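Asks: prediction below, plus the sequence it came from.
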Amino acid sequence: MSDLAELDRRYLWHPFTQQRGWHDEDAPIISHASDFSLFDVDDREYIDGVSSLWCNVHGHRHPAIDGAIREQLDRVAHSTMLGLTHEPAIRLAERLVAIAPEGLSRVFYSDSGSTATEIAVKLAYQYQQQSGNARRTRFVSLREAYHGDTIGSVSVGGIDLFHATYRPLLFDTLKAEPGDIADMRRIFERQGEEIAAVIVEPLVQGAAGMIVHPPGYLRAVRELCDEFGALLICDEVATGFGRTGRMFACEHEGVTPDMMCLAKGITGGYLPLAATLTSEQIYESFLGDHDEFKTFFHGHTYTGNPLACAAAIASLDVFETEETMANVAALDELLGELLAPVAELPRVREIRRRGLMVGIELDGFEVPERGGHQVTLAARERGAIIRPLGDTVVLMPAPAMDTGTLRRLVEITSDSIVAVTQSAQVGA
Ligand SMILES: *Cc1c(COP(=O)(O)O)cnc(C)c1O
């Protein structure tokens, strides 16, 4: 075992990781990257098949983004937004409002998807309290939802495996069946006057294993919120920045939420940054004299970090100069073709996909067999990094990926599924 591997075992605690299993495994130690490949310390190359956990957009070490960060580094790496402001945060806010669904006009920065949703929940609650709707204290969220790992975002989450342990610490929410508008209507008809906001991952519930909602669902949720006077929060942390085939998933259904949460892809996958966008109506409800205490008392030390904002502006520039969304359209179509034979493999129960968000659900593995994980290990041997959600193999190619790399990624994934399902006496 190398020195680094040894030190990792000695000092680190990895996220979402059973450390006992980790110690038995030789995970690659990544030393550098370029375009859509990661390289380990032994110089082995791997396709980055899940965009470094769903955030990389234009590839690694993109010269425009690298350059923007270096330029900003020559000015200032960090300066607070409490009592001060700076150009990258200002310019990025203008750009985000310009591309967001019409009606979202204010940008509140933070550092991760979890904080972006946590902020939306707090804003919605406070908005209702100071808008004469003191009874509106409850949130509707979807079963199997994932909005992050902080206590507020876990409260609106619905993945028992991740969330059940913490139940006593969480605030109670109303849970609706994913994609079932009749179920949500029932909730509204029973308790509509108590509902502050509905929070959804628009179109695709990513961490649930790519649950894809039926067309029209998001629009119908928007209409229900309007009918009953509740706010709609769209968590575009995973779906934003091109992954579903449009810049934001809401665009597919012409929906403007009252709040939109952005993170993961916002910096092109370079640096931690998040934004919660709100309507002017919400913003204005927070205006008042100091002794009215309508201020939003929330902010993180690294809120609106200038390096991250500079990366985000550069990423938006690259969307334009390289016509990234046209590439997404091409990849979307190609993925449909490439995955058709994969859906026919034995032990593949179902493939769920919207745009570049793909979940390949395997069949017949017992929990300890860790079918999805075995496929990950097999893919690693063949030169691709993927990461499953249980027995759902996830592919999340970067929006800018070239077609040759995408073909190779699907081929490796397919070969790995075949290898694992043939060698295991699955379900037998
Ligand atoms: C990943 C994710 C989050 C959490 O983002 P972090 O940056 O990991 O805190 C929130 N919502 C959705 C939909 C996500 O996919």
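Replies: Happy to help now that I have it.
Asks: from G21, how far off is the residue in the chain that the ligand sits nearest to?
Replies: Per C-beta to the nearest ligand atom, G113 is where the chain lies closest to the ligand, at 2.0 Å. Where C-beta positions appear, they are placed from N, C-alpha and C, glycine not excepted. Separation of G113 from G21 (C-beta to C-beta, to the nearest Å): 26 Å.
Asks: which of those two has more neighbours?
Replies: G113 (28 against 10; other C-beta atoms under 10 Å).
Asks: can you pull the residues of the stretch 51-200 of the chain lying near the ligand?
Replies: For the stretch 51-200 of the chain, the residues in contact with the ligand (C-beta under 6 Å from any ligand atom) are 112-114, 117, 146-148.
Asks: just the buried residues out of those, in PyMOL syntax.
Replies: Buried residues within those, by 16 or more other C-beta atoms under 10 Å, are selected in PyMOL with:
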select buried, resi 112+113+114+117+146+147+148
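Asks: ok, the residues of the stretch 51-200 of the chain next to the ligand vs C261, which is closest?
Replies: The nearest member of those to C261, counting by C-beta to C-beta, is T117 at 5.1 Å.
Asks: right, and the closest one touches I199 too?
Replies: Yes - counting by C-beta atoms under 8 Å, T117 touches I199, with 7.0 Å between them.
Asks: need the overlap of contacts for the two.
Replies: 147, 156, 233, 235 (C-beta atoms under 8 Å, 6 or more residues apart in numbering).
Asks: the first one contacts D235, correct?
Replies: So that's H147. Yes - the pair H147 / D235 is scored as a contact, 5.3 Å apart, by C-beta under 8 Å.
Asks: which is the next helix or strand following the least confident helix or strand in the chain by mean pLDDT?
Replies: Using mean pLDDT, DSSP states H and E, the weakest-scoring helix or strand in the chain turns out to be helix 160-163, at a mean of 83. Using DSSP states H and E, the helix or strand that follows helix 160-163 in sequence is strand 174-176.
Asks: tell me where the stretch 201-350 of the chain has helices.
Replies: 217-228, 280-285, 306-321, 324-343 (DSSP state H, counting those that start in this stretch).
Asks: residues contacting the first one, please?
Replies: By C-beta under 8 Å, 6+ apart, the list of residues contacting helix 217-228 from outside reads 179, 181, 184-185, 188, 192-193, 195, 197-198, 200, 202-203, 230-232, 234, 249-250, 252-258.
Asks: do the last one as well
Replies: For helix 324-343, the surrounding residues in contact (C-beta under 8 Å, 6+ apart) are 57-58, 242-243, 245-247, 318-319, 348, 350-351, 353, 355-356, 358, 360, 397, 399-401, 403, 406-407, 410, 413-414, 417.
Asks: and these, which of them are buried?
Replies: Applying 16+ other C-beta under 10 Å to the contacts of helix 324-343 flags 57-58, 242-243, 245-247, 318-319, 348, 351, 353, 355-356, 358, 360, 397, 399-401, 406, 410, 413-414, 417 as buried.
Asks: and the residue in the chain sticking out farthest from the centre, what pLDDT?
Replies: Relative to the C-alpha centroid of the chain, counting by C-alpha atoms, centre = their mean, D291 is the outermost residue, at 37.9 Å. Here the pLDDT value assigned to D291 is 91.
Asks: and A424, by the same measure?
Replies: So, for A424, pLDDT stands at 68.
Asks: one more: G364?
Replies: pLDDT recorded at G364 is 84.
Asks: what about it, how many residues close to it?
Replies: Neighbourhood size, G364 [other C-beta under 10 Å]: 16.
Asks: surely it meets P346?
Replies: No - using C-beta under 8 Å, G364 is not in contact with P346; the gap is 9.2 Å.
Asks: surely I351 is in a strand?
Replies: Yes - I351: assigned to a strand according to DSSP: H, G, I helix; E, B strand; the rest coil.
Asks: any stretches of the chain with poor pLDDT?
Replies: Residue ranges of the chain with pLDDT under 70: 424-428.
Asks: change it to 90
Replies: By pLDDT under 90, the low-scoring segments of the chain are 1-2, 21-26, 160-165, 293, 364, 366-369, 422-428.
Asks: look up the closest residue to the residue nearest the centre of it, ignoring the ones flanking it.
Replies: In the chain, the residue lying closest to the centroid (C-alpha atoms, centre = their mean) is A238, at 2.3 Å. Nearest residue to A238 in three dimensions, chain neighbours excluded: G206, at 3.9 Å (C-beta to C-beta, 6 or more residues apart in numbering).
Asks: correct me, but the one you found touches Y146?
Replies: Yes - taking contacts as C-beta under 8 Å, G206 lies within contact range of Y146: 6.6 Å.
Asks: show me which residues of the stretch 201-350 of the chain are close to the ligand?
Replies: The stretch 201-350 of the chain comes close to the ligand at residues 201, 206-207, 235, 237-238, 263-264, as judged by C-beta under 6 Å from any ligand atom.
Asks: which of these fall in strands?
Replies: Secondary structure from DSSP state E places D235 of these in strands.
Asks: and the two most separated of the residues of the stretch 201-350 of the chain next to the ligand?
Replies: Pairwise across these, and taking C-beta to C-beta, the largest span is found between A207 and A263, at 13.3 Å.
Asks: which of the two has more residues huddled nearby?
Replies: The residue with more neighbours, out of A207 and A263, is A263; 28 against 22, by other C-beta under 10 Å.
Asks: separation between the more buried one and P272?
Replies: Counting by C-beta to C-beta - A263 and P272 are separated by 8 Å.
Asks: what residues are shared contacts of these two?
Replies: In terms of C-beta under 8 Å, 6+ apart, A263 and P272 are both contacted by the residues S112.
Asks: which one of the helices of the stretch 201-350 of the chain lies nearest to R44?
Replies: When those are compared by C-beta to C-beta, helix 324-343 sits nearest R44, at 24.2 Å.
Asks: show me which residues of the closest one are buried.
Replies: 324, 327-328, 331-332, 335, 338-339, 342.
Asks: over to stretch 252-263?
Replies: 252-253, 255-263.
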